[in-house]
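Visitor: kindly generate the corresponding structure for this input.
(chains A and B)
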Amino acid sequence: MIPPLLLAPLGGVILALLSRAPWQAALGTAVGATGLLSGAVIQGMSPRVAAWGDLLRLDELGSYFLLIVAGVHFLCSVYAYGYFRRELEGGHIGPAKVRMYHVWTNLFVLSMVVVVCSHHLALQWVAVEATTLFSAPLIYLHGDRRGMEAAWKYLLICSVGIAFAFLGIIFLSRAAGDVPLTYTALPLAAKRLDPRFLRLAFLFFLVGYGTKMGLAPMHTWLPDAHSQAPAPASAMLSGVLLNCALLSILRVAPAIPGAYASPLLILFGILSIAVPALLVAVQRDIKRLLAFSSIENMGIVVLGLGFGGAARPAALLHVLNHSVAKVLLFLVAGDLILRFGTQRIRQIHGILRESPLRGVLLFGGILAITGSPPFGAFWSEFGILVGGIAGGHLAVSLAYLVLLAILFGSFLMYGSDMVFGEGVPQKLAGPELWCLLPACVLLLASLWLGLHVPAGLYKTLERLSSMVAFS
Amino acid sequence: MNTITILLLLLGLHTAVTERIRPAIRSLAAQGILLGLLPFLAAPGAAWRAAGLGLATIAVKSVAIPMILTRAVNRLEIGQESESLLSTKTVILLIGALTLAAFVACARFGLSGQDRLGAAAGLTLLFSGLLMMTTRVKAVSQVIGFVVLENGIFLFGAASGSEFTLPIELGIFLDLFVAVFLMGILMLKIQRTFTHMDVRKIHTLKD
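Guide: Model prediction:
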């Protein structure tokens, strides 16, 4: 089942390269995305583990992450058609660049599919580095100086981060000796491996892939990169690429002693929530605001994994909830930026009066990302809190609660400024169906995850969380 | 093997300390050839594998990457001097201290003989590359620092005896090549829009 999953985005690349008009390239991406999504769903429903050679293997955990990648890619491919049509009409971008967007996006998705399907940890490293390389051109797609500055930082900082993760792989192979570096073989042999090298390996994995995940204090490139890419690319960078880096850390977790790993995860987690909590209040750019929220949410996930116990399935659920809400917000923000002609928060206001649907989408998205009921993230953030208290981490749990409250307040303030308030000088154009439809789907998904978490999903998360438990 | 390691260490330190860009690039190319010889010496039995890896190393590290960098230097018409935020004296002192720390760390981890030398030299190159990336002002020097860092990791990996199947090894080379290639393209684009290559002056994005 793995070859079709790789062929779908590859087909998207070829179709985009062959296309003569932007709409043809968009269609090519949509066809590839539909193929990938159907493949991911079929694989997700089948109880069998898919394997292709020794290097590629898709188990249930990989399937969970693949479904998020495929779903987000599908919705973004629909959105990208409408988004670039508006950009072309406005003369912000040329047809050649739109085609390049589709080529690089499909390559980017291909590398993410390899990340989630990697059995061998070194192959996974190669694929994670490839995600950086294929997504960097998306960041400077418009070719302006801010985009280039962001892409330069992104390439350099993430490449160095990934180089540290490679040191981790070297330590791991030193510890493993003859044991193959696959995520199935390592945990079985964990007891026999040299614990000093295992600890070093995990530290370098956490710092290296943590850079790619945007964990503080290695997060400095993230707000720049995520704010400069075109909206559908920002959505993919924030919504699914960060998850892929997380998966790379999760794959090595079962071989690492929990007594060593948990405090590290809690430290990086709480730091990644605290930095955005302090910086969100002074943001002026709507996409930078969303980027800081991604750092925060990755922090929440890592904190939950550090708490362990009941917080672990909640952390995995939060991965899904964050992706849904963050992609929703980036898609709505992209549409608003096109309408208002600016990314500055203060110049965007009175949305509800002019365009109720957009107002509901933006405000709903902000409530969803801050973990308010009745949206999905409420349950996952609550689950992590409960897990933290049950695990005896009282002080950290309290800090977590206070920081979340600060972030909630800041986001609500920005949200109400943009959504309510006086009307705008320029009239908002009618809703662009292709842009708003994917956002509506995501808002409903977040609501559904909040009102009714399917029993099957809970059982699955319990199983997955036993797969990522420390030894 | 020891001779190669020591030569690599000296070349790497030269790259990290020198203030001139072209000699730094030449010294990078020389490092590439030495790294390409390592697989032959490490595993005399597997000749085909060693030949493939050695050739890939030389092709990427001592032909392709120096070519990209030289081209960038020519096109950008940047001066010979590569400004640093630190004085040469400070850099030498810092690198000396880091070298010492690397040897002590490797000794404490119970590595011995050849392994210890290789691992410590690798770590030293890694630190020097990182230092170059953080203290050099010109973008080209930052990329050179990145390649020195990668060379350090390569040497460290060879000394620790980590090896992977051929597709993965080739994937690693391809990644490195594409990374430097993209950095080269970005350097030219940045030059065109900013009309300068001073990283200190590009900071429009901030909080």
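Visitor: now do the contacts for A:Leu133.
Guide: A:Leu133 makes contact with A:Leu155, B:Asp175, B:Val178, B:Ala179, B:Leu182 under the criterion C-beta atoms under 8 Å, 6 or more residues apart in numbering or on different chains. Any C-beta I mention is one placed from the backbone N, CA and C, and that applies to glycine too.
Visitor: name the nearest residue to the first one, sequence neighbours excluded.
Guide: Right, A:Leu155. Nearest residue to A:Leu155, sequence neighbours excluded (C-beta to C-beta, 6 or more residues apart in numbering or on different chains): A:Ala136, at 5.1 Å.
Visitor: same thing with the third one?
Guide: For B:Val178, ignoring the flanking residues on the chain, the nearest one in space by C-beta to C-beta, 6+ apart is A:Leu133 at 4.9 Å.
Visitor: pLDDT at residue 69, what is it?
Guide: Assuming you mean chain A. Predicted confidence (pLDDT) for A:Val69: 97.
Visitor: meant chain B actually
Guide: As predicted, B:Leu69 sits at a pLDDT of 91.
Visitor: quick one, what contacts it?
Guide: Shown in contact with B:Leu69 (C-beta under 8 Å, 6+ apart): B:Ile25, B:Leu28, B:Val140, B:Val143, B:Ile144, B:Val180, B:Gly184.
Visitor: now, those that are in helices?
Guide: Among these, the ones falling in helices (DSSP state H) are B:Ile25, B:Leu28, B:Val140, B:Val143, B:Ile144, B:Val180, B:Gly184.
Visitor: the last one: neighbour count?
Guide: It stands for B:Gly184. 20 (other C-beta atoms under 10 Å in any protein chain shown).
Visitor: please report how far it lies from A:Arg86.
Guide: Relative to A:Arg86, B:Gly184 is positioned 33 Å away (C-beta to C-beta, to the nearest Å).
Visitor: closest one of the contacts of B:Leu69 to chain A?
Guide: B:Val143 (8.2 Å; C-beta to the nearest C-beta).
Visitor: hang on, isn't the closest one packed against B:Val180?
Guide: Yes: with contact defined as C-beta atoms under 8 Å, B:Val143 reaches B:Val180; the gap is 6.4 Å.
Visitor: neighbour count: these two, which is higher?
Guide: Using other C-beta under 10 Å as the criterion, B:Val143 and B:Val180 rank with B:Val143 on top: 28 against 25.
Visitor: tell me who's in contact with the more buried one.
Guide: The contact partners of B:Val143, by C-beta under 8 Å, 6+ apart, come to B:Leu69, B:Val180, B:Met183, B:Gly184, B:Met187.
Visitor: please apply the same query to A:Leu303.
Guide: Contacts of A:Leu303 (C-beta under 8 Å, 6+ apart): A:Leu265, A:Ile266, A:Gly269, A:Ile270, A:Ile273, A:Ala311, A:Ala315, A:Ile384, A:Gly388, A:Val396, A:Tyr400.
Visitor: make it 7 Å
Guide: Neighbour list for A:Leu303: A:Ile266, A:Gly269, A:Ile270, A:Ile273, A:Ile384, A:Tyr400 [criterion: C-beta atoms under 7 Å, 6 or more residues apart in numbering or on different chains].
Visitor: one more: A:Ala333?
Guide: A:Ala231, A:Ile286, A:Lys287, A:Leu290.
Visitor: looking at this, it is in a helix?
Guide: Yes: counting by DSSP: H, G, I helix; E, B strand; the rest coil, A:Ala333 is found in a helix.
Visitor: looking at it now. What's its pLDDT?
Guide: As predicted, A:Ala333 sits at a pLDDT of 95.
Visitor: pick the one among the contacts of A:Leu133 closest to A:Gly53.
Guide: Nearest to A:Gly53 among the contacts of A:Leu133 is B:Asp175, at 20.0 Å by C-beta to C-beta.
Visitor: nearest residue to A:Gly306 other than its sequence neighbours?
Guide: Leaving aside its sequence neighbours, A:Gly306 sits nearest to A:Leu265 (C-beta to C-beta, 6+ apart; 3.1 Å).
Visitor: so the one you found sits against A:Gly304, correct?
Guide: No: A:Leu265 is beyond contact range of A:Gly304, at 8.8 Å (criterion: C-beta atoms under 7 Å).
Visitor: neighbour count winner among the two?
Guide: Between A:Leu265 and A:Gly304, A:Gly304 has the larger neighbour count (other C-beta under 10 Å), namely 32 against 26.
Visitor: and the gap between that one and A:Leu247?
Guide: Going from A:Gly304 to A:Leu247 by C-beta to C-beta gives 15 Å.
Visitor: can you list the residues of chain B near chain A?
Guide: Within chain B, the positions adjacent to chain A are B:109, B:133, B:142, B:146, B:149-150, B:153, B:156-157, B:160, B:162, B:164, B:168, B:171-172, B:175, B:178-179, B:182-183, B:186, B:189-190, B:193-194, B:202, B:204-205, B:207 by C-beta under 7 Å from any C-beta of the partner chain.
Visitor: rewinding a little: nearest to chain B, of the contacts of A:Ala333?
Guide: Out of these, the member with the shortest distance to chain B (by C-beta to the nearest C-beta) is A:Lys287, at 11.4 Å.
Visitor: helix, strand, or coil at that closest one?
Guide: Following three-state DSSP, we place A:Lys287 in the helix state.
Visitor: any idea how far A:Ile369 is from it?
Guide: Relative to A:Ile369, A:Lys287 is positioned 14 Å away (C-beta to C-beta).
Visitor: next one: B:Ile144
Guide: From B:Ile144 over to A:Ile369 the distance is 41 Å, taken as C-beta to C-beta.
Visitor: quick check: the residue nearest to A:Gly306 vs chain B, distance?
Guide: Distance, A:Leu265 to chain B, using C-beta to the nearest C-beta, to the nearest Å: 24 Å.
Visitor: with A:Arg48 instead?
Guide: Going from A:Arg48 to chain B by C-beta to the nearest C-beta gives 25 Å.
Visitor: report the contact partners of the residue nearest the centre of chain B.
Guide: Nearest to the mean C-alpha position of chain B, counting by C-alpha atoms, centre = their mean, stands B:Val148 at 1.4 Å. B:Val148 makes contact with B:Gly12, B:Thr15, B:Ala16, B:Leu125, B:Ser128, B:Gly129, B:Met132 under the criterion C-beta under 7 Å, 6+ apart.
Visitor: okay, A:Lys287 and A:Ile369: which has more neighbours?
Guide: A direct count of neighbours by other C-beta under 10 Å for A:Lys287 and A:Ile369 places A:Ile369 higher, at 27 against 23.
Visitor: show the pLDDT at the residue lying closest to the more buried one once chain neighbours are set aside.
Guide: Nearest non-adjacent residue to A:Ile369, counting by C-beta to C-beta, 6+ apart: A:Ala325, 4.3 Å away. A:Ala325 is assigned 97 on the pLDDT scale.
Visitor: what helix or strand is A:Ala325 on?
Guide: In the assignment (DSSP states H and E), A:Ala325 maps to helix A:311-340.
Visitor: give me the distance from that helix to the chain's centre.
Guide: Offset of helix A:311-340 from its chain centre (C-alpha atoms, centre = their mean, to the nearest Å): 8 Å.
Visitor: tell me which residue in the stretch 1-150 of chain A sits closest to chain B.
Guide: Nearest residue of the stretch 1-150 of chain A to chain B: A:Val126, at 3.8 Å (C-beta to the nearest C-beta).
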